Structures are given as C-alpha cells and as structure tokens.
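Student: got a sequence here, can you build the structure:
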Amino acid sequence: MHFSFDELSGLHLDVLKEIGTIGAGNAATSLSKLLVKRIDMNVPEVKISEFNMIESILGSGDTLVAGVYLQFEGEIKGNVLFILDTKSAKNLASLLLGTKQDNESKDEFYAGFSELEASALEEIGNILISSYLNAISSFTGLSIKPSVPYFACDMLGAILSVPLIQYGQTSDKVLFVETDFEIGHDKMKSHFIVMPDIKSFSIILKSLGVI
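Tutor: Numbering: from 1, shown residues only. Reported below is the predicted structural model:
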C-alpha cells in the first residue's frame, strides 16, 4: 500500500501525538532519575510538520543552539534530533557533572563547551531520545536500535542540515515535539524532531492498526 502524508486523518495524527506526549513524559522521568532532581513538565506541543518549516518554528538559521543527533534502525529507520538553547545545555551539563555553570569554559572543546560537557550532553541527549524511541517501540511492538549519539553546538541552520542531507531524500514530514521542563528555578525549552522515513511512518501506523 502506497502511503502519503496527505492521507493522514485526525485519528492518525492523534495517535502520533499520543506517542509524542508519552515520549515526553518518559523523557522527564528519565532526566529526573539521571539528575536526581524533580522535573516538572508542561503539556508538550506535538505536531506533524514539514521539515523545511522547523527552522522558522525554532527561530532563525543563525541562532546558536546545542543539539544531539542519532540515527535509528531495526524494523523502522530514521533520525532524531534533540535541540535546546546553549544556556539550557550548559545548565544541564553542570547539573549532571555537579559543577558550577561556566558560560566561558577555559577547557573549550566545542563552541564554548568543554569535552566533558559535550560528553555529558551526549549522554543526556541519548537518554532523552531513547525515551521517545521506547515510546514508539512500546506502542507498536517494533524493534528500534539507536546509533551512537553525536553532540554539536552550531548555528541552527547548520545543525538542521545534517539530517536534511539524508532525511530530505526520503520524506519531508517530521514528528515535532516541543516541551518545557522545569528543574528547580530553571526552565528549559526542548525540541525533539523525530524523522522516520516515509516507509517507516507507514509501518508505525500499520502496527497501530490505523491504516
């Protein structure tokens, strides 16, 4: 059966949004356990968006952001990108490492982040992204295997270009999840861009019995 995003009904979208919402909840729980801190989360905004609209949703292409990217394979294939602003990224790294936040690290490894901070953010990103993939796997019963995560701090346009090179050849729609986390007095706005290829989107919906 040939699948087109134009054929997605309200039911299809509701199911995909439910997966995104549960993934966000799983991510908050995982982050709380990792940091040993209470994490409060708002109701996430979940939608199917065109990939080329993501940049305008998040700001402008020259906005400096931190991101963690990984690919996944198994019964479905695709990419996931976790993006947050650099201040939140610094704060998360310092919370995990138990260090004082330093916006001008003397041990600069990657665009203002030390190698230790970059490694910490890769670990955080991997755990949070896995929470979303586990939600998809639990809902569908499909096997999903994530790759090694990669951290980058760069202009938004440059970071988005990484999955675009591969993903843009197979689809132009993504599952976009925006979530606000609160850790004590600190607020963090995070963005998860889940990009199964078009065949995998079809497999997901078939596994859920909605097509």
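
Student: use CA for all of it now, contacts and neighbours both
Tutor: Noted.

Student: per-residue confidence averaged over the helix or strand containing residue 20?
Tutor: Taking DSSP states H and E as the criterion, residue 20 maps to helix 10-35. Averaged over helix 10-35, pLDDT sits at 84.

Student: now that helix: buried residues?
Tutor: Across helix 10-35, burial judged by 16 or more other CA atoms under 10 Å covers 12-13, 16-31, 35.

Student: ok, then the element right after it?
Tutor: strand 40-41.

Student: show me what that following strand is packed up against.
Tutor: Applying 3 or more CA pairs under 8 Å, 6 or more residues apart in numbering; DSSP states H and E, we find strand 40-41 packed against helix 10-35, strand 173-183.

Student: turn these into CSV, including distance to residue 48.
Tutor: Output for the helices and strands packed on strand 40-41, formatted as CSV (distance: least, CA to CA, whole Å):
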stretch, distance to residue 48
helix 10-35, 8
strand 173-183, 5
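
Student: between those, which one is nearest to residue 57?
Tutor: strand 173-183 (10.1 Å; CA to CA).

Student: show me what the closest one is packed against.
Tutor: helix 10-35, strand 40-41, strand 45-50, strand 186-196.

Student: quick one: that strand to chain centroid distance?
Tutor: Centre-to-centre, strand 173-183 and its host chain are 7 Å apart (CA atoms, centre = their mean, to the nearest Å).

Student: isn't residue 130 right up against residue 146?
Tutor: Yes: at 7.5 Å, residue 130 and residue 146 qualify as touching, with contact defined as CA atoms under 8 Å.

Student: between the two, which is the more surrounded one?
Tutor: residue 130 (22 against 18; other CA atoms under 10 Å).

Student: which SS class is that one?
Tutor: helix (DSSP: H, G, I helix; E, B strand; the rest coil).

Student: many thanks, have a good one.
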